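**Q** Next comes the sequence, and after it the predicted model I'd like to discuss.
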Amino acid sequence: MTLLLSYVTATRDRTCCSYTCKSSIDSEDGVTCPEWCHGHDSCVFRNNSGLVSPGIDGCKVNYDSKYKNSVMMTREKCLEESFLGQTQLGSGLQSLPFHVVAYPFKDSNQFESHFTGIDLRYQADNLGELKFRIKNTNNKVCPSKEDQEEAKKSDMPLDGTTCKPRCVEINLNSSVSSNLRGSYLSYDCEAGFYVQRNNWVSSSLHDYQLSICADSSCGNFLFQLPDVNIFSLGMDEVGLILLDENQYERNDIIVLWIPTMIVADQFNIEVLRMIDNETDIETVHSENVTKETTTVSYMQRITLSSLSLSSGRYQAKVTPIVSGKMKTDRALLSVYLNRPNYSQRALAAVTAVLFTVLIVGVILSLYKQWQAVAEQGAVEPGALISAGRMKYQSVLIITPLDNPDHVEIVQLLCRYLKDWCGVDTTYFAFDETTGIGVSQNDPWKWCQETGDKVKDSGHVVYIAGPDPGLSKNISIFPNLEDNQAFVTTRHMQTMDREGRVLVTKFAYSSMKTIPKEVPEHLKSSSYILPKQMNEFLVHLLGVKKKAFCSLLPFDTCHIVKPEIKPSNLSRSGGEEILTRVHELCLKDTKHKQAHAPSSPNKVAEASIIKNGASIGLHEKTIKDSQNVAETSALLTKEIENFNSLESDKTLKIDLEPNLPSVKQMNERDRLDVE
């Protein structure tokens, strides 16, 4: 059974089921629907005779963003929805499987109509899933984010609350769609008005965007909503001109889809240019096109690809021709097309290029000047000391001693500082000339004496050791670094204020190994060696920054850090430091991988840091080197096999009869302890 809708010159309400089904206490499910609907989510179908079929099972409206504030598709989600598919609707010679008609709309609560309704009709045969969005593109209704920001500066801001696009998704069962040949799925819920301050405002003559996807084919089309007065000519619905937005935006081609339901023999196609605020109109193109009569679609494709439009505002006008006469009263208009001012755009592009070139040139000039100042101010510590322009520095090294590889790296660093970097004395527990066992066998006394030697003019350098879990050996001087830090605590504030306390670390280092007495601001400003070797030596040697420009005698121009020549570790002993750091990084990486949680979906990749940068390395076997300085300084048989000791046992060493040990503090002089 079908219901015939009479085509008369009269207004009508929407036929879509979500609005025509009303709540009712008389029906079993509490809803009363017209004959063509089963419920709020039913579909409406029309055939070529304008018939609305009764409700068909197998078709469902999944959601409508504007119907009772749909939870599945909110306003924000609707605006961000993407309409991209594998193929383009209407591309090539493909016909358009849908058309859009306008009708005189009157809500059941209105006295008379002032609005224009919108009805999207899609060929139902072989249709599976249909998804579309209808959006008013008028800037006052749906302003862009840029326009909203600009409007905030004026007295009439655009808040965008009136922008409420309609997003719809419909599923049609394939067994049903195959029997609907010649029928159209009709969706006429959208009407040409928007709500502003509880008032219904007409959107006639506004431009709209229709974004649509049918299965895997998608497209974007633009149309202008006609004024409701067009229906005074005796028409109860009017087909609308669609413009292919993708073709216009991407290929600069005007592709029009003209409804063939218009009574005509030919169509006169005009392209109009608006002049002087649209009060004056100029025709820039005009041609007659024969109307297709054998088309299987309601839409005829017209391509205007040879037009060369200058800057301005354009609109296409389609006038039907019947028996050689133009029916100007039935003419249809497309959306407005804005063409930018290419001369202004070209000028802006050239200006941007020139500005970019200028900025790049300035940056390159500044960089070259910086490099030149740094090279001219390169420092050779030995030469400056010989000339009397720089003094030798003494350095107290405080670092963990429980890892032989790390101890060897620190020894090599001390030797390099003394050979090339203007340091005459390094106080380190295993130093060949100043270490424990050379002149002072008591570790505590050694801590006190070395701390006193640097408190007035020397430097204290804390070097973070490797992860404690990597150290399987027990230091012969347990907690010596903590004792050193404790002894220097009373001088820490003064030395820090004078810039004589530094914290450094290697790529394998763990900041947890720095004694707790060291302030946090020193830890956070630590130097990474050997990457920041130059900055470390500039600080250690007290070398002043160079003036970036000699013509400006202000102190603020002294911003260039000079280059300390030995900082690149290219001299004797530097390559060995890099090699040892590299080897310990490998061990640290293997240790972390071995103790990391296993994952069945991941394959661990070894990645370590050398010279401060991460590089991938192949695994190789490295034999641990023996600490010669340690064994020669202590000469005890017990420590030769200290690798075999259990981790929970403490090594006991008698350095000299009747000499107090580090752990027996009772008989010490209180002043010495202080």
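**A** Cool, the structure landed. None of the values given here were measured: they were computed from a predicted structure.
**Q** I'd like the average pLDDT over stretch 303-312.
**A** For stretch 303-312, mean pLDDT rounds to 80.
**Q** Distance of the most centrally placed residue in the chain relative to residue 133?
**A** Nearest to the geometric centre of the chain sits residue 80, at 17.1 Å (C-alpha atoms, centre = their mean). Distance from residue 80 to residue 133, counting by C-beta to C-beta, to the nearest Å: 10 Å. Every C-beta, even on glycine, is put in place using the N, C-alpha and C of the backbone.
**Q** got it, and residue 401?
**A** 70 Å.
**Q** So the two - more neighbours on which side?
**A** Between residue 401 and residue 133, counted using other C-beta atoms under 10 Å, residue 401 has the larger neighbour count: 25 against 20.
**Q** got the contact list for that one?
**A** 407, 429-430, 475-477, 480-481 (C-beta atoms under 8 Å, 6 or more residues apart in numbering).
**Q** swap the cut-off to 7 Å and go again
**A** Applying C-beta atoms under 7 Å, 6 or more residues apart in numbering to residue 401 gives the contacts 407, 429, 475, 477, 480.
**Q** wait, doesn't the third one sit right on residue 402?
**A** The reference is to residue 475. Yes: using C-beta atoms under 7 Å, residue 475 is in contact with residue 402, at 4.3 Å.
**Q** Neighbour count: these two, which is higher?
**A** Using other C-beta under 10 Å, the more surrounded residue of residue 475 and residue 402 is residue 402, with 22 against 19.
**Q** re the thing from before, if you rank the contacts of residue 401 by neighbours, which is first?
**A** residue 429 (27 neighbours).
**Q** Select from the contacts of residue 401 every entry located in helices.
**A** Using DSSP state H, the subset of the contacts of residue 401 located in helices is 407, 480.
**Q** need the contacts of residue 401 in TSV with pLDDT and distance to residue 143, can you?
**A** Output for the contacts of residue 401, formatted as TSV (pLDDT from 0 to 100; distance: C-beta to C-beta, whole Å):
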residue	pLDDT	distance to residue 143
407	94	69
429	94	72
475	81	71
477	89	73
480	93	70
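**Q** Which of the contacts of residue 401 lies at the shortest distance from residue 207?
**A** Within the set of the contacts of residue 401, residue 407 lies nearest residue 207; the separation is 77.4 Å, counting by C-beta to C-beta.
**Q** Distance of the closest one relative to residue 475?
**A** Residue 407 is 9 Å from residue 475, by C-beta to C-beta.
**Q** Give me the buried stretch members for stretch 525-543, please.
**A** Residues of stretch 525-543 classed as buried: 526-534, 536-541, 543 (neighbour count, 16 or more other C-beta atoms under 10 Å).
**Q** again with stretch 483-498
**A** 483-485, 487-488, 491-492, 495-496.
**Q** How about stretch 579-598?
**A** 580-589, 592.
**Q** Ok, stretch 65-73 next?
**A** Here stretch 65-73 shows 65-67, 70, 73 as buried, counting by 16+ other C-beta under 10 Å.
**Q** quick one: which of the residues you listed is nearest to residue 437?
**A** Closest approach between the buried residues of stretch 65-73 and residue 437, by C-beta to C-beta: residue 73, at 79.6 Å.
**Q** how about the nearest residue to that closest one once chain neighbours are set aside, what does it touch?
**A** Excluding the flanking residues, the one nearest residue 73 by C-beta to C-beta, 6 or more residues apart in numbering is residue 65, at 4.2 Å. Going by C-beta under 7 Å, 6+ apart, residue 65 touches 73-75, 78, 166-167.
**Q** Taking these together, which two end up most distant?
**A** 74 and 166, at 12.4 Å, using C-beta to C-beta across those.
**Q** Neighbour count for these two, which is higher?
**A** residue 166 (22 against 13).
**Q** wait, the more buried one sits on residue 190?
**A** Yes: the pair residue 166 / residue 190 is scored as a contact, 5.2 Å apart, by C-beta under 7 Å.
**Q** shared neighbours of these two, anything?
**A** Common contact partners of residue 166 and residue 190 (C-beta under 7 Å, 6+ apart): residue 134.
**Q** And the pLDDT for residue 335?
**A** For residue 335, pLDDT reads 93.
**Q** Neighbours of it, how many?
**A** Neighbour tally, residue 335, other C-beta under 10 Å: 23.
**Q** quick one: it and residue 307, what's the gap?
**A** Residue 335 is 16 Å from residue 307, by C-beta to C-beta.
**Q** Residue 538 in helix, strand or coil?
**A** Of the three states, residue 538 takes helix according to DSSP: H, G, I helix; E, B strand; the rest coil.
**Q** Run through the stretch 201-350 of the chain and note the low-pLDDT ranges.
**A** Across the stretch 201-350 of the chain, the ranges flagged by pLDDT under 70 are 277-279, 294-296, 341-345.
**Q** where along it do the strands fall?
**A** 207-214, 217-224, 238-239, 242-244, 254-259, 266-275, 280-290, 299-304, 312-322, 325-326, 332-339 (DSSP state E, counting those that start in this stretch).
**Q** got it, and the stretch 51-200 of the chain?
**A** Using DSSP E, counting those that start in this stretch, strands in the stretch 51-200 of the chain cover 51-52, 59-64, 87-88, 98-105, 115-123, 129-136, 166-172, 183-187, 193-196, 199-202.
**Q** what's the least confident stretch among those strands?
**A** strand 51-52 (a mean of 70).
**Q** neighbours around residue 35, how many?
**A** 11.
**Q** Spell out which helix or strand contains it, please.
**A** Using DSSP states H and E, residue 35 sits in no helix or strand.
**Q** Now do it, the pLDDT please.
**A** Residue 35 is given a pLDDT of 86.
**Q** Distance-wise, check it relative to residue 189.
**A** For residue 35, the distance to residue 189 - C-beta to C-beta - is 18 Å.
**Q** Same check on residue 274?
**A** Applying C-beta to C-beta to residue 274 and residue 189 gives a distance of 33 Å.
**Q** quick one: which of those two has more around it?
**A** residue 189 (23 against 16).
**Q** quick one on the thing from earlier: of the strands of the stretch 201-350 of the chain, give the one that comes closest to residue 416.
**A** The nearest among the strands of the stretch 201-350 of the chain, by C-beta to C-beta, is strand 217-224 at 66.8 Å.
**Q** what does stretch 201-208 rub up against?
**A** Against stretch 201-208 from outside (C-beta under 7 Å, 6+ apart): 114-116, 134-138, 141, 192-194, 222-228, 335-336.
**Q** Same check on stretch 114-123?
**A** In contact with stretch 114-123 (C-beta under 7 Å, 6+ apart) are residues 14, 46, 97-105, 130, 132, 134, 184-188, 190-193, 202, 204, 214, 225-226, 228.
**Q** Pull out the buried residues from those residues.
**A** Among the contacts of stretch 114-123, those buried by neighbour count (16+ other C-beta under 10 Å) are 14, 46, 97-105, 130, 132, 134, 184-188, 190-193, 202, 204, 214, 225-226, 228.
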